[in-house]
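In: Sequence and predicted structure, then a few things I'm wondering about:
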Amino acid sequence: MVKLKEHKKETENKAIERLLLPSRVYIPLSQHLGKPCLPEVKAGDIVSAGQRIAAVEAHVYAPIHASISGKVVSVQDWPHPVSGRCKAIVIDGDGKDSRNYSGSRTQEEVDKLTPDEVRRIVREAGIVGMGGASFPTHIKLNPPRPVDTLIVNGAECEPYLTGDNRLMLENTDKIIMGIRILVKCLGIKSVYIAIEENKPEAINEFRGKAAQYTVKVLRSVYPQGGEKQLIKNVLQKEVPSGKLPFDVGVMVHNVGTIFAIYEAVYFNKPLYERVVTVTGSCVSNPKNIMVPIGTLISELIDFCGPLKGEPAKIIIGGPMMGIAQYTDKVPVIKSTTGVILMGEKQIKVPEEEFCIRCGACVRECPAGLMPCMISLASERNNRELVEAYNVSDCIECGLCAYVCPAKRDMVQHMKYAKSILAGAK
């Protein structure tokens, strides 16, 4: 693990602001790991916020909901922040914020919910992992074997991003109520709330309000927030290669996911908006913003303007694992944690050189891999070698590229190596 420049001061004390309702949203049909959804609406249909507009018959999927009220304009190809392009449902807003969901559950009603009922609510709400993984949460809440330990992921180890920190500060009680839902649903015996030491206010909030749980203070290093890294640093347990957290009796959930579960269970609210950090050297008014899914990032940038200068790179996500965008007309999706605008001085594009076998990537790899060897095997399209070096365990954290003195495009090599394996299956 490595200590990085955090760049969090710009937004860590900025309370979450709500973006003005966008006049138009572009809601992609692929926002989760698994099969893309199929539209359930057509051009001319009137929809309300929270109304289900897309789903699919598949095991691994999460339904998609309208994020504003208005009229469906079209279902068309549109830029996507992860996959390049994707079908999207385009909605023109009516400015009324009419909502499709209503009612709320009392604490007594919540206490009476069975685990299967909780899973159904979470599935119908379209909740996915909010830390960036986007795995459908209702599947994660039904592990193939019992788990007895829950780790609440409040690490937020990526530089620049502070949305989870603000959620923890502004919604402590609601997150605790969400934790209680998970404890009952999964039969959890031990709860650890993992927060990096650079968030002292959040640590104090949970220590004061969640005395029944263990608040684990972690070092502010990267990539502290990875599931397997959290399990190792919190519980001193190792998740074996090729295995998942439930194989060692552990479940890890991001605080944003837990907050979404709370809203779904108590208020029937689907996941159609999320907190996004907008920051970077080109942003004059960096903010944490509650944003309707499908809002173009250009609108977020305008909301934080005026710009100090023309951005040389726009990244969705954090600077280590985020994806550079070729346009600002991509929409916010369920896994969008941040939008970072960097100027020329912050962007360095060094020329890739030959591997010098220094071993820096091996020493720093949090998954215990040999990235240099995977990289070389990837360049040679050697499927047997990339499989032998366990590339499937790579979490694409970017540390190997960060420490590489030859400035090799290690993450790209890891991604390509995984595609070699996928193509062979």
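Out: Great, that's in hand.
In: Alpha carbons of stretch 228-236, in CSV - could you do that?
Out: Extracted in CSV, the C-alpha atoms of stretch 228-236 (Å, rounded to 0.1, in the frame of the first residue of the first chain):
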residue,chain,number,x,y,z
LYS,A,228,-9.9,-8.1,0.4
GLN,A,229,-7.6,-5.4,1.7
LEU,A,230,-10.2,-4.4,4.3
ILE,A,231,-10.8,-7.9,5.4
LYS,A,232,-7.0,-8.4,5.9
ASN,A,233,-6.5,-5.2,7.7
VAL,A,234,-9.6,-5.3,9.8
LEU,A,235,-9.8,-9.0,10.6
GLN,A,236,-6.3,-10.3,9.8
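In: Spatially nearest residue to the most centrally placed residue in the chain, not counting backbone neighbours?
Out: For the chain, residue 132 is the residue whose C-alpha lies nearest the centre (Cα atoms, centre = their mean; 1.9 Å). Among residues not flanking residue 132 along the chain, residue 335 sits closest, at 5.1 Å (Cβ to Cβ, 6 or more residues apart in numbering). Every residue, glycine included, has its C-beta placed from N, CA and C.
In: hmm, back to that, correct me if wrong: the residue nearest to the centre of the chain contacts residue 316.
Out: No: counting by Cβ atoms under 8 Å, residue 316 is not a contact partner of residue 132; they are 9.9 Å apart.
In: Quick check: neighbours shared by these two?
Out: By Cβ atoms under 8 Å, 6 or more residues apart in numbering, residue 132 and residue 316 have no common neighbours.
In: ok, now which ones touch residue 365?
Out: 371, 399, 400.
In: okay, those residues in JSON lines with neighbour count, distance to residue 154 and pLDDT next?
Out: Listed next are the contacts of residue 365 as JSON lines, based on neighbours: other Cβ atoms under 10 Å; distance: Cβ to Cβ, whole Å; pLDDT from 0 to 100:
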{"residue": "371", "neighbour count": "29", "distance to residue 154": "28", "pLDDT": "96"}
{"residue": "399", "neighbour count": "25", "distance to residue 154": "21", "pLDDT": "95"}
{"residue": "400", "neighbour count": "27", "distance to residue 154": "26", "pLDDT": "96"}
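In: from these, which is closest to residue 389?
Out: Proximity of those to residue 389 (Cβ to Cβ) peaks at residue 371, which lies at 8.7 Å.
In: what about residue 2, how many residues close to it?
Out: 13 (other Cβ atoms under 10 Å).
In: which residues touch the nearest residue to it once chain neighbours are set aside?
Out: In space, and not counting its chain neighbours, residue 2 is closest to residue 222: 5.6 Å by Cβ to Cβ, 6+ apart. Listed by Cβ under 8 Å, 6+ apart, the contact set of residue 222 reads 1, 2, 3, 4, 157, 158, 159, 320, 397, 399.
In: So which of those are in helices?
Out: residue 399 (DSSP state H).
In: out of the contacts of residue 222, who's nearest residue 64?
Out: Proximity of these to residue 64 (Cβ to Cβ) peaks at residue 158, which lies at 25.4 Å.
In: and the gap between the closest residue to that closest one other than its chain neighbours and residue 398?
Out: Leaving out its chain neighbours, the residue that sits closest to residue 158 by Cβ to Cβ, 6+ apart is residue 318, at 2.8 Å. Remark: distance between residue 318 and residue 398 (Cβ to Cβ, to the nearest Å) = 9 Å.
In: who's in contact with residue 313?
Out: 324, 341, 342, 346, 347.
In: ranges for the strands of the stretch 1-150 of the chain?
Out: 17-18, 24-28, 38-39, 46-47, 52-55, 64-65, 70-80, 84-93, 149-154 (DSSP state E, counting those that start in this stretch).
In: Out of the ones you listed, flag the one nearest residue 288.
Out: strand 17-18 (7.0 Å).
In: Please name the strands paired to the closest one in the sheet, noting orientation.
Out: strand 287-292 (parallel) (DSSP bridges).
In: Show me which positions of the partner strand end up buried.
Out: Across strand 287-292, burial judged by 16 or more other Cβ atoms under 10 Å covers 287, 288, 289, 291, 292.
In: can you give me how far that strand is from the chain middle?
Out: Computed by Cα atoms, centre = their mean, to the nearest Å, the separation of strand 287-292 from the middle of its chain amounts to 14 Å.
In: and if you look at stretch 218-225?
Out: That offset, for stretch 218-225, works out to 16 Å (Cα atoms, centre = their mean).
In: Touching, residue 26 and residue 331? I think so.
Out: Yes: using Cβ under 8 Å, residue 26 is in contact with residue 331, at 4.5 Å.
In: ok, those two, which is more surrounded?
Out: Ranked by neighbour count (other Cβ under 10 Å), residue 26 and residue 331 place residue 331 first, with 29 against 25.
In: Now do the residue nearest to residue 158 against residue 6, distance only.
Out: 11 Å.
In: same thing with residue 299?
Out: Counting by Cβ to Cβ, the gap from residue 299 to residue 6 is 27 Å.
In: ok, and for the helix or strand of the chain with the lowest mean pLDDT, which residues are buried?
Out: Scoring the helices and strands of the chain by mean pLDDT, DSSP states H and E places helix 410-424 at the bottom, with a mean of 89. By neighbour count on 16+ other Cβ under 10 Å, the buried set for helix 410-424 is 410, 411, 413, 414, 416, 417, 418, 420.
In: Distance from the chain centre to it, please.
Out: 21 Å.
In: Can you tell me what sits against it?
Out: With Cβ under 8 Å, 6+ apart, helix 410-424 has contacts from 361, 371, 374-375, 377-379, 381, 383, 386-387, 391-392, 394, 396, 398, 400-401, 404.
In: Please give me every residue in contact with the closest residue to residue 292 other than its chain neighbours.
Out: Leaving aside its sequence neighbours, residue 292 sits nearest to residue 67 (Cβ to Cβ, 6+ apart; 3.6 Å). Applying Cβ under 8 Å, 6+ apart, one finds that residue 67 lies in contact with 25, 27, 49, 91, 272, 273, 292, 293, 294, 295.
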